[in-house]
Structure formats: structure tokens, C-alpha cells
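Chemist: sequence? don't have it. structure:
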């Protein structure tokens, strides 16, 4: 993304000018703080060649993709690099590694694609990174039952072609698709961009295997069960704090051969929210449903919309249909399937309700443009930070009745906490009772202390989210950044239940310490 043209002009107009913010040379890594006595039992389990302590391996296993992580790394701070990288070759080796780590009180942080945006991988004390790329990609496929057993380090770009060769797909495409791992999806309760049609990752898990310091758990039998509480759910979303996922049995779908994506405009964000609620409660949803508020719509049109005469023509087209382009709310809808007639019928059913809320069709070209570029967002951060801007996101979900109030209050809280902040949001995960709210923030970075600047704004937004009764996270996870807020959602007794489970499987607290459960650091 170049900030020399329309993008740069738009940012300077909306946020203000910023000075360049160039990365500093990385500080030299401190030598591994683990002793030969620490590493010897680990090497005995996986082999010496699968225990790495060189700088290149340690840096490659340093994860984290939040603004705070990137700001620290830009300052040259690599204090969160692991002291060793361990690559086990089986679930049994993972159990043995964790047991040995318990014995020597070595902290263990499992790492997949390194895309946590909530501090889930941030650990500056002595620890090892557990990399699971030797555990396979696609292990087995049951083409009758539509089940696939997948290794935890498999990524979407590696898995989907293997499934496509069998006419299947997982259909889970989060923004982090290029790097994030299947184990990471499950460990953080990920939601893909087509979650309205395909479900979240927790809807796709039939079974999983989890390694803990105390042994191996194989959880999940059959498509559904009444055999007591669902123990799978304790480990789905556990973010490496209760165990390490070593394989997952996933529910896969027939690969779509028909797709129709199109753009729609509403007179306002409120009108779009009402339309999306009507569609969800009428059970005529599209597979992808994304609705931008007025600020995000202005951004989209400024950066990738029509120019000159074409822009003027769009304004006339919308005004003729009762939509002021300055107040418009842009939506993307996508339908997928293997039967063209079925896709058409579903689209018609959705549109019957869209029309009741003033929806104006913009056609398939804009929809297909979004589909092709929908994974580009994370790659824009470097250019924005180079130009001197703070850029970060936060997300939540709430019931329909409270949705617009939450949107307004989160926006105001952030704007009041940052100087000249540009705040924009979208709705991208729809349920019958409510929806997600995903907010992007751009402001001129305080390069002297970017961490304190962002934390002030994040805390203000989180207070609004908690006070409103919304969830502290819809799909990013808890990590360390949200751990202190979890008590507001679960209550003190709920946290004691979680802490009790951790005590059983991880009695010395070596697994991802500080994730989910806040800890008193020495």
C-alpha cells in the first residue's frame, strides 16, 4: 500500500500528518538462559537435531501480531524470543516434553503461525517454543462422513489444496489465513469470514487430541453426544494454557463450484444493521455477510472506490435511490454452493428482506473485488506504521438490542482517548440474537511511548464493552492482554473452575503462563 496517493491524502485529512517511524535494528539476542541440564532431557525425547538454540531459529519462533508486539519489535526489542525451539515428532513426544518441562519448571509456549493479536505468545522470561510442524498436515480423510484429521501446524494455504483434490473444503478463512495454523484456529476459537454460512471453527471440530504434562486426552466421539459436559469445549479456546493440541478431526464440506459475491449499499449503518438482523432471524443469510459503518464505507470508497466522473456517477446513482453517499453503509454479501440454482434461490430469499431496508445493489464487480482482496488488510500495517501511524483493531459481540449503542459508545471512548483518531467498524459475524463488532483505529503514533498510548485507548474501549454486557472477545481470543477482563465475563467462581482445571493438567503452571488466567509475576 502506497501512502503517496489517495490513501495518503485521505489519512492526512482524516487523522493528520505523521512523521516517519522506521524500525530500529534488532537488539542482540541474549544467550539462551536454559542450561545444558535443562536441554538434555528434551533432546533425549526428540533428538538433538530437533532442539534449536541458534538465533535464527529463536527469532523465527518469536510470534505476536498485535500493535504492541510490532511496536516493541520495531524498537529492536526481542526480549520475548524463546530460549530454545523444540520440534516434537508425535503426540507422545509432546506429552514427554511437557512432563520434562514440569520437572524442571521450564515454561512452554506453543506457537503456530504466530498471529496472536492479544499477547498470547508474549513471554519474556526463560521459556521454550513448541513448534509442531513435524506432526503432519492432512493425516486422514473420511470422504463418506466428511471428516478430516489434520495436524496442528497445518495452515489454510497448505490444507485447502489437499482437500480440494478430494472435492472438499474446510471453508474457514480468517484474516490471518496465510499464516495461522489449524491448531491456532482451534486454540483461539477462530471465526472465518464465511462463519455465517460455514460456522466458526468450534462448530467444525468433531474430535481432538490434547497433550498435557499429565498425559494424553482424546476427546470427541460421533457427531453429537449427551455423555455429560462437552470436555472438548474446555480445550477449544484454551490457547495453550491447558494443553497442546496435537491433531484435530474437522467437519469438512463439498467444495463450492458456484459463488456469487456482490456489494450493497444502505442509507445508513443503522438501516444495514436492521436488515442483517431481519435476515438472520428470518434464516435466509448469505454465507458471507459484512457491513461497514459510515466511516469504514468512506474509507473504502476513498481508497478503492471509483474516481472522478465515475465517483460522481455513483453519487447520482445512489441519490436517485434515496441514499446520501456521505452517510452510506456498504455491505458485502456472498453465497456459495455446488448447485447454481440453489445459490440463486438463496440469494433471492435474502434480497426479499434487503429491499425492505432500503438496500441498493452495486453489483458483482465490487463484491468480487472485495473477495479477491479480503486478505490484504494485515499487510497494510507496515506501510501505516512506517508513515508514523498507530493502527490496531479490537472486536466484541453483543445482542441486537444493544448493538448500535455499543458501536456508538466504543467509537466515542476511543476518540476521547486518542488525539485525532479515525475510528471505523464493521459487522462481519451474524447470529439470530446478535452480531460481532470489529473496530479499526488509526491515529498519529506517540513514538516515544506507543504502548502506553494504545493501552489507554484499549482500556477505555474495554470498559465500555464490559459495562455494556458484551463479550470481551468474539474471535481474537483472551491471551494475556484480555486476561484481566475475563473475570467480568465469567465471574470469580468461573475463574476458579478454570484454575482448578489448569491445576489438574498443569500443576506447576508451565503452559503459556499468564494466558487466560492472570498471574502474579515474580
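Modeler: Yep, it's here. Predicted model, so just to flag it, every value in this text is computed and none were measured.

Chemist: residues near residue 355, how many?
Modeler: By other CB atoms under 10 Å, the residues close to residue 355 number 12. All C-beta atoms are positioned from the backbone trio N, CA, C, and that covers glycine.

Chemist: and the gap between it and residue 410?
Modeler: Distance from residue 355 to residue 410, counting by CB to CB, to the nearest Å: 30 Å.

Chemist: any idea how far residue 393 is from residue 66?
Modeler: The span separating residue 393 from residue 66 equals 9 Å under the rule CB to CB.

Chemist: identify the contacts common to those two.
Modeler: Taking CB atoms under 8 Å, 6 or more residues apart in numbering as the contact criterion, the residues that touch both residue 393 and residue 66 are residue 117.

Chemist: the two - which one has more neighbours?
Modeler: Here residue 393 and residue 66 are set side by side on neighbour count (other CB under 10 Å), and the busier one is residue 66, at 23 against 17.

Chemist: quick one, what contacts the more buried one?
Modeler: For residue 66, the contacting residues are 116, 117, 118, 119, 392, 481, taking CB under 8 Å, 6+ apart as the criterion.

Chemist: show the end-to-end separation of stretch 171-191, please.
Modeler: Criterion CA to CA, to the nearest Å; first-to-last residue distance in stretch 171-191 is 11 Å.

Chemist: for it, buried residues please.
Modeler: Neighbour-count burial for stretch 171-191 flags 171-177, 179-191 (criterion: 16 or more other CB atoms under 10 Å).

Chemist: ok, residue 255 touching residue 168?
Modeler: Yes. Shown here, residue 255 and residue 168 form a contact pair, counting by CB atoms under 8 Å, at 5.8 Å.

Chemist: tell me which of the two has more neighbours.
Modeler: When neighbours are counted by other CB under 10 Å, residue 255 and residue 168 differ, and residue 168 comes out ahead with 19 against 16.

Chemist: phi, psi for that one please.
Modeler: phi -130, psi 170 (degrees, to the nearest 10).

Chemist: what segments of the stretch 301-450 of the chain are strands?
Modeler: Listed from the start of the chain, the stretch 301-450 of the chain has strands (DSSP state E, counting those that start in this stretch) covering 329-337, 360-363, 389-399, 422-427, 434-444.

Chemist: adding mean pLDDT, write those out as JSON lines.
Modeler: Written out in JSON lines, the entries for the strands of the stretch 301-450 of the chain read as follows (pLDDT from 0 to 100):
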{"stretch": "strand 329-337", "mean pLDDT": "98"}
{"stretch": "strand 360-363", "mean pLDDT": "95"}
{"stretch": "strand 389-399", "mean pLDDT": "96"}
{"stretch": "strand 422-427", "mean pLDDT": "98"}
{"stretch": "strand 434-444", "mean pLDDT": "97"}
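
Chemist: please name whichever of these is nearest to residue 141.
Modeler: strand 329-337 (20.6 Å; CB to CB).

Chemist: what comes up buried for that closest one?
Modeler: With the criterion 16+ other CB under 10 Å, strand 329-337 contains buried residues 329, 330, 331, 332, 333, 334, 335, 336, 337.

Chemist: packing partners for that strand?
Modeler: Packing contacts for strand 329-337, counted by 3 or more CB pairs under 8 Å, 6 or more residues apart in numbering; DSSP states H and E, involve strand 258-266, helix 269-281, strand 288-292, helix 294-304, helix 340-354, helix 364-373.

Chemist: so which of the ones you listed comes closest to residue 31?
Modeler: Each of those has some distance to residue 31 by CB to CB; the shortest is helix 364-373, at 43.5 Å.

Chemist: so for that closest one, mean pLDDT?
Modeler: For helix 364-373, the mean per-residue pLDDT is 91.

Chemist: hmm, back to that, out of the helices and strands packed on strand 329-337, which is the most enclosed?
Modeler: strand 288-292 (a mean of 25; mean count of other CB atoms under 10 Å).

Chemist: contacts for it?
Modeler: Counting by CB under 8 Å, 6+ apart, strand 288-292 makes contact with 193-194, 196-197, 261, 266, 269, 272-273, 276, 279, 300, 329-334, 370, 424-428, 430, all of which sit outside it.

Chemist: and for stretch 323-330?
Modeler: Defining contact as CB under 8 Å, 6+ apart, one finds that stretch 323-330 is touched by 263-269, 271-272, 291-294, 296-298, 300-301, 314-315, 318-319, 358, 360, 362.

Chemist: mind listing what's buried along that stretch?
Modeler: Buried residues in stretch 323-330, defined by neighbour count with 16+ other CB under 10 Å: 323, 325, 328, 329, 330.

Chemist: cool, and stretch 306-326?
Modeler: Taking 16+ other CB under 10 Å as the neighbour-count basis, stretch 306-326 is seen to contain the buried residues 314, 315, 318, 323, 325.
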